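1. A structural model of the following input is requested.
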Amino acid sequence: RRVQKAKTRGEVGSWGEAEVGKWQALLGKAGWIAREICQFSEAQVYMEERLQLLRERHGEDTPRADIAHALSDLGSLLYKQGELAGAEKYYLECLPMYKKVHGEATLHADIATTLHNLGLLL
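-> Numbering: from 1, shown residues only. So this is what the prediction gives:
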């Protein structure tokens with residue numbers, strides 16, 4: 001909620017990389033904690049706020065691992081809720097981003113995990 005207030009006051013745009021990194025990490029952790037205790041709507045709010053913060057800072061389509069992780073986390077949350085179409089949307093969005101970040105031909109764990117998660121949807 002503090003991030004929301006900072007956005008309202010126009011402060012987020014002046015945050016440095018460390019400040020954005022700190023807040024996105026906190027929002028991600030809060031989302032995972034809420035997810036683990038089955039507070040799904042609260043988890044989704046934190047995770048979506050994290051994604052929005054990262055996209056506002058780095059650009060909507062900028063390939064970055066932290067943005068891809070935020071997308072993957074949202075996919076996992078929706079998968080856990082049984083919302084397979086929503087999960088697929090997020091997984092399909094993060095997969096090409098991971099490939100750009102890690103390299104098309106790289107066998108990176110992030111790429112493998114996302115392919116695995118997509119396979120779980122079948």
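2. residues of the helix or strand hosting Lys29 that come out buried?
-> Per DSSP states H and E: Lys29 is located in helix 17-36. Using 16 or more other C-beta atoms under 10 Å as the test for burial, helix 17-36 gives Val20, Trp23, Gln24, Leu27, Gly28, Ala30, Gly31, Trp32, Ala34, Arg35. Using the backbone N, CA and C atoms, a C-beta is placed for each residue, glycine as well.
3. with adjacent residues omitted, what lies nearest to Glu93?
-> Leu71 (5.1 Å; C-beta to C-beta, 6 or more residues apart in numbering).
4. and the most centrally placed residue in the chain, what's its pLDDT?
-> Central residue of the chain (C-alpha atoms, centre = their mean): Ala70, 0.9 Å from the mean position. If you check Ala70, the pLDDT there is 97.
5. poorly predicted segments of this structure, please.
-> Flagging of the chain using pLDDT under 70 yields the residue ranges 1-14.
6. what about the helices in it?
-> 2-8, 17-36, 40-58, 65-80, 84-102, 109-120 (DSSP state H).
7. ok, back up a step: what angle do the helix holding Lys29 and helix 65-80 make?
-> 10 degrees (axes from the mean of the first three to the mean of the last three C-alpha atoms, to 10 degrees).
8. quick one, helix 17-36 and helix 40-58 angle?
-> 160 degrees.
9. sorry, back to before: I figured the residue nearest to Glu93 hits Glu88, correct?
-> No: when contacts are counted by C-beta atoms under 8 Å, Leu71 is not listed as touching Glu88 (11.6 Å).
10. out of these two, which sits in the busier spot?
-> The neighbour count for Leu71 versus Glu88, taken as other C-beta atoms under 10 Å, is higher for Leu71 (24 against 17).
11. might you report the residue contacts of that one?
-> When contacts are counted by C-beta atoms under 8 Å, 6 or more residues apart in numbering, Leu71 is found next to Leu51, Tyr90, Tyr91, Glu93, Cys94, Met97.
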